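**Student:** Return a 3D structure for these sequence lines:
(2 chains)
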Amino acid sequence: MKTDLSSILVLGSGPIRIGQAAEFDYSGSQACRTLKEEGYRVVLLNSNPATIQTDFDLADVVYLRPLTAGVVEEILQEQHPQGVIATLGGQTALNLLVELDGKGIWERYGVRVLGTSVEAVRRSEGRLSFREVLSELGEPVVESAYASSVDEALAFASVCPFPLVVRPDYTLGGTGGGVARSAAELAIIAREGLAASPVGRVLVERYLEGWREIEAEVIRDAFGNALAVCSMENVDGMGIHTGDSIVVAPTLTLTDSQWQRLRSSALRIVEGLGIEGACNVQFALSPDGSDYAVIEVNPRASRSSALASKATGYPIARMAARIALGQSLAEMANPVTGRGSALAEPILDYVVVKFPRWPFDRFPKAQGRLGTRMKSTGEVMALGLHFNQALQKALRSLELPFGLFDSLLASRDDGELLESVVHPDHRRLWAFLELLRRGNSAEDLARRGAVHPFFLHELDRLIVIERRLAGEGLTESLLREAKFQGFSDDDVARSAGLSVEAVRAERKRFGLERSFREVDGCSGETLTRTGYYYGVFGAASDEADRDDRPSVLVLGSGPIRIGQGIEFDFCCVKAALALRRIGLRALVVNNNPETVSTDHDLSDSLYFEPLTLEDVLPIIERERPLGVLAAFGGQTALKLGLELEKEGVTLLGTPGDVIRSAEDRGLFSRLLDDLGILQPPGQAATTPEEALHATALLGYPLMVRPSFVIGGVAMRLCFNERDFEEILDLAFSAEKGQSVLIDRFLQGREFEVDALCDGEEVFLPGIFEHLEPAGVHSGDSMALFPDISLTASQRREIVETVQAISASLGVKGLMNVQFVLHEERLYVIEANPRASRTVPIAAKLTGLPLVEMAVRLSCGQSFADLGLAPGLQEHRGPRGVKVPVFSTEKLPGVDAQGGVRMQSTGEALGLGDCIGMALMEALAGAGWTIPPRGRLLLSLTDRVKHQAPALAAAFSALGWELEATEGTASLLSRWGLPVAVVEKGEPLVEAMKERRWDLVVNVPGEHIETISDGFRLRRAAVESSTLCLHTVETASALAVALAATVQGAQKKEAL
Amino acid sequence: MEALELLLSDGTRWPGVGRLGACDSGEVVFTTLAGGFPQALRDPSFAGQIVVFSFPMVGCCGVGADPLESSGIRARGIVAAVPCRDEGLGPDLFGWVEREGLFWMGGVDTRRLVRHLRRRGPLFGRALPAGGEGTVEVDETPKVSLVSTKVRRSYPGEGPRIVIVDYGVKEGVVRTLQARGCAVDVVPHDMPGGALLALRPDGVLLGGGPGDPALLAGEISVVRGLLGKVPFFGVGLGMQLLALALGARTERLPFGHRGGQPVIDVESKRGFVTSQNHGYVLRDDSIKGKGIVVTFRNGDDGTIEGIRHAGTGVWGVQFHPEAAPGPQESGRLFDSFIDQCREAGR
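**Tutor:** I've put the predicted structure just below:
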């Protein structure tokens, strides 16, 4: 034990991006909890407000501040921690650890690096030292060379045959890499990669085409004890980022000697590197299994550690934290069974499948091709008795509008489908299924797709069942077989040509229902209770002791996707904890392996299951909870809650008909009219004809959206008829039978509130004010808390409006209401009777346990019971600014402009005594460094060009150098402002790549331009990591913030 | 394939489908191995046993891709949840099992069966056609003589000469010693001490094997007679025989250690994962005053996993450092033994 330690700094991972997502909330939260349990004082640094990790319960001191060297040094001065743990906060924390070590900061402040040493991190992260260490250990690596220029990359190609893979140095999730099959391709990919690398360097490597990719998740302690927690096999072979691969655990196609060889290699590597904590080792295995190479070593908790933890029940992050404290694996108790040794490798008696969740539904123009750069935003996991059971559960967990049968692919010819197989895209699994359906052989498809034939044979079994269902009708034995193979009632119904209701009725008649087993890490060898369940078909439930305490089921939010992110996991976790505090048994159902809510010790029972009616009803029949909480898991939980209610399940809090009236625009609009509340004039249409009629009545501009939106899918702003016609079909295809809402679009400032409601009264913790004008999705908007521009009477009006809506609906719990201030009048744009994206931020800025309060209200308590006075709370804490974070650099072809469709993957929060300070902190937290003075590029569309001079003048007064595209520049010089003209097109893009500007303000026109100059400008900004603001309002706010902080800093110096 | 039932000696019946074999009775044991099923089935320690696999998908890799242990299948039959019999994935495991005359059952709720065995075990069982009647034979006669080699087999080598007494040793042990350059003689389990010494061994390795060690009175007395005359290393059953020869006693584990198990080195406090297959264990209360030092213990249940005898330097481990199947990190123990033999030979 390291007893001279009392206070420990934990570095978090910052905003959610593709490649660094919720898994670090899981690992970081587990680390904080463990350190607190062990009696240490925990100081946490993380700029991400949506996480459980930054909740006040988990650390003694939380710094919601940027993850930068300067901030860490300030914390060291203020808090004097004796140790730091950086291996549980992803690559961000690890990079920061190395940077501060390079500056000698740790040594200067006497801070000990706990867990894996900086030296070990350097050896495994730097590609050259990594190769050296591996060759010393006698471990095979792949031929490769560094290149700092395209020429150097081409030179390597002359000694190593194509295909080659290009990996930029020091980046997250393989940003900017790719496979090159010719010199021409190599030149392009190498150029992109060089730009993406913060050190301007790429690794060019032999591409192991057709090799399998296998991962070993290993932990090792300071004494040299080590174990492999889990083996994982990527169904998609080398060349597809493991984050974008379907993964199974344990490995299924490796013989014992093949796996033992890799396992031994992984253990030698962690020993050789001196890892003290978690480590992920990735291997390439030749098609015949005779040869392997080490691909990558991550000397920290990773996405795979989260997956391995959830797949086995073995809490890797918790054990890594204890190892960092100097504890020995040989002396710790087994963390799964509670007895026996922590060195026991988990033994599975089920099969786990992980499936990625991609954002391509949101970015129709993005390239869906998969490769070495990760594109998925999240993932789902499922457990089953065998591969097909787990796979089909995983598919259901994705919440796609289909299961096994993708109708879009059914219309494609074999050639097109084979293209998906050979050059994998996000539809590959369904392409395999469709090709098998058309009679292609499993062996042939396996060969073409470089996938182990085992998996294709498994898929073929599903197609055989489909065929039999179509041909034989629904017999008991066939239905039994279909359910055993993992078929949903929906897919059985589709294949057999029956209704889902009929299939369900038959299934009930035959008594075919899923059973529930416990994940115990030991295959039943030790009798233990973990409360971590999964459903299977074809085997009995584990005998369980009945716990008759009343329970409540919390519905989770599923995979992380744009529009439904980690904030809903925060809400679910807080809801579960609140239930336990109230004295109820908290049950959680969710399917996301990256999250805190799927840590089985946070709830009394965790069900790792798809969030569908078919999968969740049996849980309710088994547990008989008092009711279900559907308000915390985002739109996923809300929709499922409504379906469950129809089956007679009690929804706690706001009842289903209320949710429906708030979600159904027609009903809601009538309600607002009755209450005399203003709303943008609008109409609902169920056919394109009705829609066209509505446009004539309402006039432009218009906001068009289907009801039940998540993050604005298929939502569009239309300024004229041309825009409208463009989206008509899409709008009506998004949700069958649902109406499409057509509203007048009102320009103005937007505000939103998260109100607590007890059925009669409301409590508002504060009002968010959006910096961007209406038209930018609230999730993509910078937001201030509390608001700054409302008058006292407007605030009163907001309270009264929320109160009126809440009381007339009878909302119990949380409700989010959005307003637009248009021509000095407040209009209600939307009201959602559920926890929203901003709840964790409001909770953290006010210090109020909003979710717990909402749970208490849902369970029947009143404001008086909570000790809350209704009305708008006066804000006392610091001011906060939320800045969204986009991952557009990972998605080639995506336009990076804000709009009505949400595009951001995460957010950073900045705090300050003044807004200026908070905004600068938030920007820094989002990863942007803005110098006090620098060079600015302006390119404004005509509509807002008149605002350019004032904006430019503000920056100029701060000493910034002005450059602008032609139109904007000519206006500025007419005002007499010194400005240089930049030619649009290639010259501008080239200059951007060389990072000529510290800031770009590009306000695009109203039309969707894809190959236009504007698109190229924005894309170049994204790829060169240049901050590009898209509205005059945010740019002006930044100018003010710069002025305020520069002056603030001068004042400080003077003092 | 036909509907079958596994009838256990406690009267419970476990349905499944599969094919009956030449002999369908035996002690029912479970193993938690997640792979290496073909090798496991050839491990002579499974002689006379019906093996239940706790991992559901059995046979995904076919059979034959890994070097197989010993010559034939020693188990009586296998019980699995989800047999994988795809064509084109290499020779089919279940077909091989059938050809070797064993019975197999699939579609069995193996998790429930494992939990049943760990609560009610040890149990014997018999595979029957569904609904069939029969009695479960409880056969606890020693199986060592059935699996041991009948004649001496010799393998040349430049290094120390090691005699392996074959109570049912895995081929992996022979391969491991050969790979380290040893000259190896594998001798029958009942070779008298004098004949054994006549081979002029630098060391004797007592191999693993099936069943209750306490029933092997003849073997124990041979070992006792050789103590102090030659370096000994016992593996699995071999370690138990060493301990019995030194006056200790063994007992049956309620449900055995079969699969990967954590073991802690008592002296260094370091631990590692080992490959195991045993149903009997050394009694902790029987080693006092016998000069036996416990060198390794099981990390999970604390049972004895390794011993050394202070007076004679003979030692052994309960687990299988030769792995195959299973984790490989305890292979270094063979090096220690070989070093010991070298020194003794000087």
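
**Student:** longest strand of chain B?
**Tutor:** With DSSP state E setting the assignment, residue counts place strand B:250-265 as the longest strand in chain B.

**Student:** Give the other helices and strands that the next helix or strand after it contacts.
**Tutor:** Reading on from strand B:250-265 to the C-terminus, the next helix or strand found by DSSP states H and E is strand B:271-282. If you count contacts as 3 or more C-beta pairs under 8 Å, 6 or more residues apart in numbering or on different chains; DSSP states H and E, strand B:271-282 packs onto strand A:226-234, strand B:25-31, helix B:237-245, strand B:250-265, strand B:304-309. Every C-beta, even on glycine, is put in place using the N, C-alpha and C of the backbone.

**Student:** Report the angle between strand B:271-282 and strand A:226-234.
**Tutor:** For strand B:271-282 against strand A:226-234, the angle between stretch directions is 110 degrees (axes from the mean of the first three to the mean of the last three C-alpha atoms, to 10 degrees).

**Student:** So for strand B:271-282, mean pLDDT?
**Tutor:** Averaging the model's pLDDT scores along strand B:271-282 yields 94.

**Student:** Each with direction, which strands does that strand pair with?
**Tutor:** According to DSSP bridges, the neighbouring strands of strand B:271-282, each with its direction, are strand B:250-265 (antiparallel).

**Student:** List the buried residues in the strand it pairs with.
**Tutor:** Judged by neighbour count (16 or more other C-beta atoms under 10 Å in any protein chain shown), strand B:250-265 contains these buried residues: B:250, B:253, B:255-265.

**Student:** now stretch A:53-70
**Tutor:** A:53-55, A:58-68.

**Student:** now, which of those lie within helices?
**Tutor:** Filtering the buried residues of stretch A:53-70 for membership in helices, criterion DSSP state H, returns an empty set.

**Student:** out of those residues, which one sits closest to A:P949?
**Tutor:** Of all those, the one with the least separation from A:P949 (C-beta to C-beta) is A:P66, at 32.1 Å.

**Student:** from what I can see the closest one touches A:E921, true?
**Tutor:** Yes - the pair A:P66 and A:E921 passes the contact test of C-beta atoms under 8 Å, sitting 6.2 Å apart.

**Student:** which residues do these two both contact?
**Tutor:** Overlap between the neighbourhoods of A:P66 and A:E921 consists of A:G910, taking contacts as C-beta atoms under 8 Å, 6 or more residues apart in numbering or on different chains.

**Student:** mind giving me the domain split of chain A?
**Tutor:** Chain A resolves into domains spanning A:7-114, A:124-352, A:357-512, A:516-652, A:660-695+A:725-883, A:929-1054 when parsed by automatic domain parsing.

**Student:** JSON lines for these, including mean pLDDT and distance to chain B?
**Tutor:** Formatted as JSON lines, the entries for the domains of chain A read as follows, by pLDDT from 0 to 100; distance: least, C-beta to the nearest C-beta, whole Å:
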{"stretch": "domain A:7-114", "mean pLDDT": "95", "distance to chain B": "20"}
{"stretch": "domain A:124-352", "mean pLDDT": "91", "distance to chain B": "3"}
{"stretch": "domain A:357-512", "mean pLDDT": "94", "distance to chain B": "4"}
{"stretch": "domain A:516-652", "mean pLDDT": "95", "distance to chain B": "4"}
{"stretch": "domain A:660-695+A:725-883", "mean pLDDT": "91", "distance to chain B": "35"}
{"stretch": "domain A:929-1054", "mean pLDDT": "89", "distance to chain B": "43"}
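
**Student:** Compile the ones you listed into CSV and extend it with columns for distance to B:R19.
**Tutor:** As requested, those are arranged in CSV below (distance: least, C-beta to C-beta, whole Å):
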stretch, distance to B:R19
domain A:7-114, 46
domain A:124-352, 24
domain A:357-512, 20
domain A:516-652, 20
domain A:660-695+A:725-883, 49
domain A:929-1054, 62
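
**Student:** hmm, back to that, any idea which of the buried residues of strand B:250-265 is closest to A:G898?
**Tutor:** Using C-beta to C-beta, B:G260 comes nearest to A:G898 of those, at 53.1 Å.

**Student:** If that closest one is in a bridge, with which residues?
**Tutor:** With DSSP bridges as the criterion, B:G260 is bridged to B:S275.

**Student:** So it is in contact with B:Q328, correct?
**Tutor:** No - at 11.2 Å, B:G260 and B:Q328 do not qualify as touching, with contact defined as C-beta under 8 Å.

**Student:** For B:S275, which of the domains of chain A is the nearest?
**Tutor:** Comparison of these against B:S275 by C-beta to C-beta identifies domain A:124-352 as nearest, at 9.2 Å.

**Student:** tally of neighbours for residue 291?
**Tutor:** In the absence of a named chain, this looks at chain A. When neighbours are defined as other C-beta atoms under 10 Å in any protein chain shown, A:D291 has 12 of them.

**Student:** oops, I was thinking of chain B
**Tutor:** Neighbour number of B:G291 under other C-beta under 10 Å is 14.

**Student:** Need the pLDDT of it.
**Tutor:** 93.

**Student:** show me what contacts the residue nearest to it when sequence neighbours are not counted?
**Tutor:** Closest residue to B:G291 apart from its sequence neighbours, by C-beta to C-beta, 6 or more residues apart in numbering or on different chains: B:A310 at 4.5 Å. If a contact means C-beta under 8 Å, 6+ apart, then B:A310 has B:291-293 as its contacts.

**Student:** gap between B:A310 and chain A?
**Tutor:** According to C-beta to the nearest C-beta, to the nearest Å, B:A310 stands 24 Å off from chain A.

**Student:** quick one, phi psi at that residue?
**Tutor:** Phi and psi for B:A310, reported as degrees, to the nearest 10, are phi -60, psi -40.

**Student:** Please apply the same query to A:I619.
**Tutor:** Backbone torsions for A:I619, taken as degrees, to the nearest 10, come to phi -70, psi -40.

**Student:** how about the nearest residue to the spatially most central residue of chain A, chain neighbours excluded?
**Tutor:** Within chain A, one residue has its C-alpha closest to the average C-alpha position: by C-alpha atoms, centre = their mean, that is A:I560, at 3.8 Å. Leaving aside its chain neighbours, A:I560 sits nearest to A:G378 (3.0 Å; criterion: C-beta to C-beta, 6+ apart).

**Student:** Cheers, nothing more for now.
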